[in-house]
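Visitor: based on what follows, work out the 3D shape:
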Amino acid sequence: MKQLTLLMLALAAACSVGSAGNSSIEDSRSRQSPASSQPAVVPTGYVTDAAGIIDATREEALSKRLYALEQATGHQMVIVTVPSLDGQDISHFTTALANAWGIGRAENDDGVVLLVAPNERKVRIAVGYGLEKTLPDALCGHIIEEQMLPRFRQGDLATGIEAGATALINQLT
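Guide: Below is the predicted model of the structure:
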């Protein structure tokens, strides 16, 4: 219980707050939290496009880049789109998702979640404490404002997501 409390406190900050976890995407299904606090999204890999806005070719390319990032740096990043936040605040939703999926390495608290909820017109970059110096709030806000939102406003959500992911990957490498 003490570890869970410390983890929850650790997730309360960085790039629009939150993220972290411990291990790989593939192992995350066995570590999900109880349904009451768990987002109703099931991880499918480095890119989970539950909102259906990323074409298969781009999804595969992004997944390969995120896998390569993890192999090169140890940092784990996922991209998630959801059709709905189910009335939750995006900050809470993303933190719960990161915890349920176990994004990043627990000992390093170095997970990153790029979440887009197109129906609510919300986007968030959640960063574990271990990466907040590399990806501070101001930089994440800049990536959202300068790289993602202009493309979203043009109706090209997939390109905006890709631009945001590219900026984050570049910063992490």
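Visitor: relative to His75, how far out is the residue nearest the centre of the chain?
Guide: Of all residues in the chain, the one closest to the mean position by C-alpha atoms, centre = their mean is Val113, 1.1 Å from it. Val113 sits 12 Å away from His75, going by C-beta to C-beta, to the nearest Å. (C-beta placed from N, C-alpha, C; glycine too.)
Visitor: in stretch 162-173, which residues are buried?
Guide: Neighbour-count burial for stretch 162-173, counted by 16 or more other C-beta atoms under 10 Å, picks out 162-165, 167-169, 172.
Visitor: are we agreed that Leu115 is in a strand?
Guide: Yes: the assignment for Leu115 is a strand, going by DSSP: H, G, I helix; E, B strand; the rest coil.
Visitor: picking that back up, hang on, the residue nearest to the centre of the chain packs against Gly104?
Guide: No: applying C-beta atoms under 8 Å as the test, Val113 and Gly104 come out as separate, 9.0 Å apart.
Visitor: residue contacts, the residue nearest to the centre of the chain?
Guide: Neighbour list for Val113: 18-19, 77-78, 80, 94, 97-98, 103, 124-126 [criterion: C-beta atoms under 8 Å, 6 or more residues apart in numbering].
Visitor: rerun at 6 Å
Guide: By C-beta atoms under 6 Å, 6 or more residues apart in numbering, the contact set of Val113 is 19, 78, 94, 98, 103, 126.
Visitor: find the nearest non-adjacent residue to the third one, please.
Guide: Of all residues not flanking Thr94 in the chain, Ala126 sits nearest, at 4.4 Å (C-beta to C-beta, 6 or more residues apart in numbering).
Visitor: what about the one you found, which SS state?
Guide: Ala126 ends up strand, using three-state DSSP.
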